[in-house]
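Peer 1: sequence first, predicted coordinates after that:
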Amino acid sequence: MNAPAILIAFPKGRLGDELVPLLAGTPLALDAQALKSRVLRIPTATPGVSALLLKGADLPRYVAAGVASLGIVGSDTLDEMDMDLLELADLGFGACRLSLCALAGLSLDELRAKPHLRLATKFPRATEAWLTREGLTAELVPLSSSAELAPLLGLADAIVDLVQTGGTLKAHGLVETAVLGRSSARLVAARGAYLSEPARIRPLADALIAALKG
């Protein structure tokens, strides 16, 4: 009986756009024809190994549940979740900052002085941790996207969001006033699969690390 296919969870969006070219020409390159379609399960160059293309917070859940044996996800996403995963490597790509951003001309001291500070973010755990370290309190306004609009339209005084180049901030008249932390792509594994099937899973993990860190 043939062994079941191994699934690796790959991110869609910003990280995925960086990941796919890095894998080109490697044993885990994604099938180019399948990538042009709308399917979310993509064969790789290695028989019996396929990629699942998943968004954001869904990806760690597929790995933690053992559906995917390995996964690549931003450390910012991992920090917001409490998942039983093995973190195998910092892959280095997809580096960005988690920053407090406000309208140009509004300083960090002015934000600190506000009697009722409102911060829009989709990173509540990281934001709360930073507020605690800084001895501040704030109302968190949960947003899943387009946070840059919040200060412009009066929904919040500032935002906490990922910044890579700063181009989107500049386009909305925002600047970074503090860096809360840094994020990059991480290789994670399902604990059960990694420990119970090392002969199948670890070579794939090594191949990913070699391709993406090399």
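Peer 2: The structure has been received and is ready for your questions.

Peer 1: for the protein, give me the ranges with low pLDDT.
Peer 2: 1-3, 214 (pLDDT under 70).

Peer 1: scan it for its longest helix.
Peer 2: If you go by DSSP state H, the chain has its longest helix at helix 198-213.

Peer 1: show me what counts as buried in that one.
Peer 2: Going by neighbour count (16 or more other C-beta atoms under 10 Å), the buried part of helix 198-213 is 200-201, 204-205, 207-209, 211-212. No exception for glycine: its C-beta is placed from N, CA and C like everyone else's.

Peer 1: nearest to Thr165, of those residues?
Peer 2: Leu212 (20.7 Å; C-beta to C-beta).

Peer 1: how about that closest one, nearest residue that isn't a chain neighbour?
Peer 2: Closest residue to Leu212 apart from its sequence neighbours, by C-beta to C-beta, 6 or more residues apart in numbering: Leu91 at 4.6 Å.

Peer 1: would you map the strands across the protein?
Peer 2: Here the chain has its strands, by DSSP state E, at 6-11, 41-43, 49-54, 70-74, 85-90, 96-103, 118-121, 139-142, 158-163, 174-183, 185-190.

Peer 1: any idea which of those strands is most buried?
Peer 2: Comparing the strands of the chain by mean neighbour count (mean count of other C-beta atoms under 10 Å), strand 70-74 comes out on top with a mean of 26.

Peer 1: how far off centre is it?
Peer 2: Here the centre of strand 70-74 is set off from its chain's centre by 8 Å, with C-alpha atoms, centre = their mean, to the nearest Å.

Peer 1: listing partners with orientation, what would you give for it?
Peer 2: Strand 70-74 has the following sheet partners, assigned by DSSP bridges: strand 6-11 (parallel), strand 185-190 (antiparallel).

Peer 1: just the CA coordinates for the first one, please, in CSV.
Peer 2: Meaning strand 6-11. Taking Å, rounded to 0.1, in the frame of the first residue of the first chain, the C-alpha atoms of strand 6-11 are listed here in CSV:
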residue,chain,number,x,y,z
ILE,A,6,2.5,14.5,2.5
LEU,A,7,0.9,18.0,2.6
ILE,A,8,2.9,21.2,3.3
ALA,A,9,1.0,24.4,4.1
PHE,A,10,2.3,27.4,2.1
PRO,A,11,1.0,30.9,2.7
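
Peer 1: ok and it relative to strand 49-54, angle-wise?
Peer 2: With axes from the mean of the first three to the mean of the last three C-alpha atoms, to 10 degrees defining the directions, strand 6-11 sits at 30 degrees from strand 49-54.

Peer 1: quick check: domain ranges of this protein?
Peer 2: As assigned by automatic domain parsing, the chain contains the domains 6-94+184-213, 96-182.
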